[in-house]
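In: here is the input, now give the coordinates:
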Amino acid sequence: MFSKKLKELQAARVRLASLEKTIEGELAALPAQFGFDSAQAFADAVVKASASGARPARKGGRPKGAVKPKGKRKRSVVTDELRTQVKQLAEAGQTGNQIKAATGLSLPTIQLIKKAFGLVKSRTAS
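Out: Take a look at the predicted model:
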C-alpha cells in the first residue's frame, strides 16, 4: 500500500515536470504571438498596460467591425413619464405585449412597474 502511493507520487512528479516544460514552451512563444521581438519588450508592454491599475475605457463598447449580437438590447432608461404611461395603459386594460409595443420597454420591466403601482393580481387565491 505504501509503495503504491510512492509510485503514484513519482508518476505525479513526472507529469508535473512534463506540464512545466509545456508551459515554458508556451510562455516563450507568447511575445511572438503578440508581435514583440523579445520577451523583455513583451514584459515591458505588460507592465506599462497594468501600471495604471485600471483598464482603459473602450469607445463604442465594441471593437471595430464587430457585429451587434442578436437578442441583446440597450438598457432602457425608465422615466417617470414612462411609468405613468405604463400605469395608464395597464389601467385601460392593455396587455403586457401591447404596453411593450407602445413604450419599447421589456415585459419584465413593465411587470415591475405594474407591481410598484399595485396593478398586478396576487398569485394566491385567498
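
In: CA atoms for contacts and neighbours, from now on please.
Out: Fine.

In: distance check, residue 6 against residue 12.
Out: Residue 6 sits 10 Å away from residue 12, going by CA to CA, to the nearest Å.

In: before we move on, what about residue 32?
Out: Taken as CA to CA, the span from residue 32 to residue 12 is 31 Å.

In: over to residue 66?
Out: When residue 66 is compared with residue 12 (using CA to CA), they lie 44 Å apart.

In: and stretch 22-34, what's its mean pLDDT?
Out: Along stretch 22-34, the predicted confidence averages to a pLDDT of 85.

In: my bad, stretch 81-94
Out: Computed over stretch 81-94, the average pLDDT equals 93.

In: how about residues contacting that stretch?
Out: By CA atoms under 8 Å, 6 or more residues apart in numbering, the list of residues contacting stretch 81-94 from outside reads 96, 99, 103, 110, 113, 114, 117, 119.

In: list the buried residues in that stretch.
Out: For stretch 81-94, the buried set under the neighbour-count rule, 16 or more other CA atoms under 10 Å, comprises 82, 83, 86, 87, 89, 90.

In: quick one, strands of this structure?
Out: According to DSSP state E, the chain carries no segments that qualify as strands.

In: show me where the protein has helices.
Out: Assigned helices in the chain, in chain order: 2-33, 39-50, 80-91, 96-103, 107-116 (criterion: DSSP state H).

In: using TSV, lay out those together with distance to residue 124.
Out: Output for those, formatted as TSV (distance: least, CA to CA, whole Å):
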stretch	distance to residue 124
helix 2-33	59
helix 39-50	55
helix 80-91	21
helix 96-103	20
helix 107-116	15
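
In: with respect to residue 74, which of those lies nearest?
Out: helix 107-116 (13.3 Å; CA to CA).

In: centre of the chain to that closest one, how far?
Out: The offset between the C-alpha centroid of helix 107-116 and the centroid of the whole chain comes to 24 Å, using CA atoms, centre = their mean, to the nearest Å.
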